[in-house]
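Student: Show me the folded form of this:
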Amino acid sequence: MAGPAPLLPAEAEALVRALQGTELRDAGGQGWLRQHECVEKLNMHAILSASTGQEQLLTELLVSYAKIPVLIGELISVEIWKHKIFPVLCRLEDFKPRSTFPIYVVLHHEASIINLLETVFFYKEICESAEDSILDLIDYCHRKLTLLAARSANGQTVTPMELRPEDLASPSSMQELRKQAETMEFEISLKALSVLRFITDQVESLPLSALTRMLNTHNLPCLLVELVEHCPWSCQEAGKLKKFENSAWHVVPPEDQVKMTKLDGQVWLALLNLLLSPECQRKYHFDGFNKSQLLKLRAFLTDVLIDQLPNLVELQRFLSHLAVTEPAPPKKDLVLEQVPVIWDHILKKNAGKWEAIAKHQVKRVFSPTEEELKFQARRWAQTYSLDMMEALAPNKPRCGACGTEAAKRCSRCRNEWYCTRACQVQHWQKHKVACNLMAGEPRRADDL
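Tutor: Here you go, the predicted structure:
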């Protein structure tokens, strides 16, 4: 049976044209949700197109309609919402939502945008079309990678948790939602790493301000060294090595423990781009601290690693040369440096209003009636096309009751999976709230 097809060109163009910036205050509202639906559909379309080598159309549309700066603006807006508004919602004692799924959608919006950017930033024209907002995206990636490195250095390992629709339908699930937000933050940070690597692929064509920001303002080479040292996507548990791939932790068999993962490769490729480019070498300050940090990489450049990524031989030679020489200090060019503006603009515009915005959203957005919730649930079911999600999922579906592999789906909402009818009956009391939301009218007991 054929899998789901990407969008038709006219559908993709209509969705791209509809993308526009939104106000922080409007997050979760009807107009904002229409934007989220556009992003979600384009994200799924991009992944499917990339898997078949047909993503060029979407790339051309995003460049032609100048939508990359719009997406970066929305990415930073929802990041600020998560840091400023979401904690206020969690602290409100009288806020007992009928369902936390509307809040989850806002949290998930950041993941959808960064995933879309990760898919399309492979192309040089996408990077160039970001124009001045590339500075904001570099700052965003730096914030995410700094948090990732800090957590890993402190020995914090993110344990993924699966949040089911019935959990989100429960008023007591704000705490569960906070845990899910932490897991999502980890995965978003890993996507930001890939986006940053794609940006470094284009160092020759980036504006000087972008290079200065990466090399000197944020000192990304030293930050990447920390990621090599601490490897946040790898951990030891019960004497076994586990690595994070395809949105899940996997036990690595002994014969594969020296195998480079995609995330390892992203860090090394970014380092190659930043350290071996003549323009970067001219601008970077190889002082005593930076030099000592970079030389730590020599311990990781083993023959086994270089066999997997032969370009690392050049980095090995560069580090050997760096160890015995004193590079010239960077030339101080007279440059009128641009600075990112999106983050500061949103913060200044909403300064002192965070609690008021949270209370406004509680009243207008996050406390829907049952009818509004059912209507929105049906829209979500259309946006998150289950056949599409199934095609994109790296793992087979699991039974909602016992967790084993499942082949049967709830025929009513088509959102939950079961291995046997006995598991479906056992799980019904927990599943029925979400099922009623997704499918409409409450189900009679004899319909089971």
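Student: When you work out contacts or count neighbours from here on, use the C-alpha atoms and nothing else.
Tutor: Fine.
Student: just for the chain, where's the confidence low?
Tutor: By pLDDT under 70, the weakly predicted segments of the chain are 1-6, 53, 55, 154-172, 330-337, 382-396, 414, 437-448.
Student: which one's the longest helix in it?
Tutor: Counting residues, the longest helix found in the chain (DSSP state H) is helix 174-200.
Student: Packing partners of it?
Tutor: With contacts defined as 3 or more C-alpha pairs under 8 Å, 6 or more residues apart in numbering; DSSP states H and E, helix 174-200 has these neighbours: helix 101-120, helix 133-153, helix 262-276.
Student: Check this protein and tell me which residue is nearest its centre.
Tutor: Centre of the chain computed as the mean C-alpha position; nearest residue by C-alpha atoms, centre = their mean is Ile188, 2.8 Å away.
Student: so what's the residue nearest to it when sequence neighbours are not counted up against?
Tutor: Spatial nearest neighbour of Ile188, excluding adjacent residues (C-alpha to C-alpha, 6 or more residues apart in numbering): Ala111 at 5.7 Å. For Ala111, the set of contacting residues under the criterion of C-alpha atoms under 8 Å, 6 or more residues apart in numbering consists of 184, 187-188.
Student: If we use 10 Å, what do you get?
Tutor: With contacts defined as C-alpha atoms under 10 Å, 6 or more residues apart in numbering, Ala111 is in contact with 40, 75, 78-79, 105, 117, 184-185, 187-189, 191-192.
Student: rewinding a little: follow the chain on from the longest helix of the chain and name the next helix or strand.
Tutor: Next helix or strand after helix 174-200 toward the C-terminus (DSSP states H and E): helix 208-212.
Student: Show me what the strand or helix carrying Ala358 is packed up against.
Tutor: For Ala358, the element it lies in under DSSP H and E is helix 354-364. Taking 3 or more C-alpha pairs under 10 Å, 6 or more residues apart in numbering; DSSP states H and E as contact, the helices and strands that helix 354-364 lies on are helix 68-84, helix 86-91, helix 342-350.
Student: quick check: angle from the first one to helix 354-364?
Tutor: Spelled out, that is helix 68-84. Using axes from the mean of the first three to the mean of the last three C-alpha atoms, to 10 degrees, the direction of helix 68-84 lies 100 degrees away from that of helix 354-364.
Student: any idea where the strands of the stretch 251-400 of the chain begin and end?
Tutor: Assigned strands in the stretch 251-400 of the chain: none (criterion: DSSP state E, counting those that start in this stretch).
Student: thinking again about what came up before, any chance of the helices and strands packed on helix 354-364 in TSV, with distance to His36 too?
Tutor: Formatted as TSV, the entries for the helices and strands packed on helix 354-364 read as follows, by distance: least, C-alpha to C-alpha, whole Å:
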stretch	distance to His36
helix 68-84	10
helix 86-91	18
helix 342-350	19
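Student: one step back: output the helices and strands packed on helix 174-200 in JSON lines, with distance to Ile346 appended to each entry.
Tutor: As requested, the helices and strands packed on helix 174-200 are arranged in JSON lines below (distance: least, C-alpha to C-alpha, whole Å):
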{"stretch": "helix 101-120", "distance to Ile346": "16"}
{"stretch": "helix 133-153", "distance to Ile346": "12"}
{"stretch": "helix 262-276", "distance to Ile346": "30"}
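Student: Go through those helices and name the closest to Ala381.
Tutor: In terms of C-alpha to C-alpha, the element of the helices and strands packed on helix 174-200 nearest to Ala381 is helix 101-120, at 12.3 Å.
Student: Give me the next element, helix or strand, following that closest one.
Tutor: Counting by DSSP H and E, the element after helix 101-120 in chain order, helix or strand, is helix 124-129.
Student: CA atoms of that next one as CSV?
Tutor: Written as CSV, here are the backbone C-alpha positions of helix 124-129 (Å, rounded to 0.1, in the frame of the first residue of the first chain):
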residue,chain,number,x,y,z
LYS,A,124,22.6,27.6,0.8
GLU,A,125,19.8,29.8,-0.6
ILE,A,126,17.8,29.2,2.5
CYS,A,127,20.6,30.4,4.7
GLU,A,128,21.1,33.5,2.5
SER,A,129,17.4,34.3,2.5
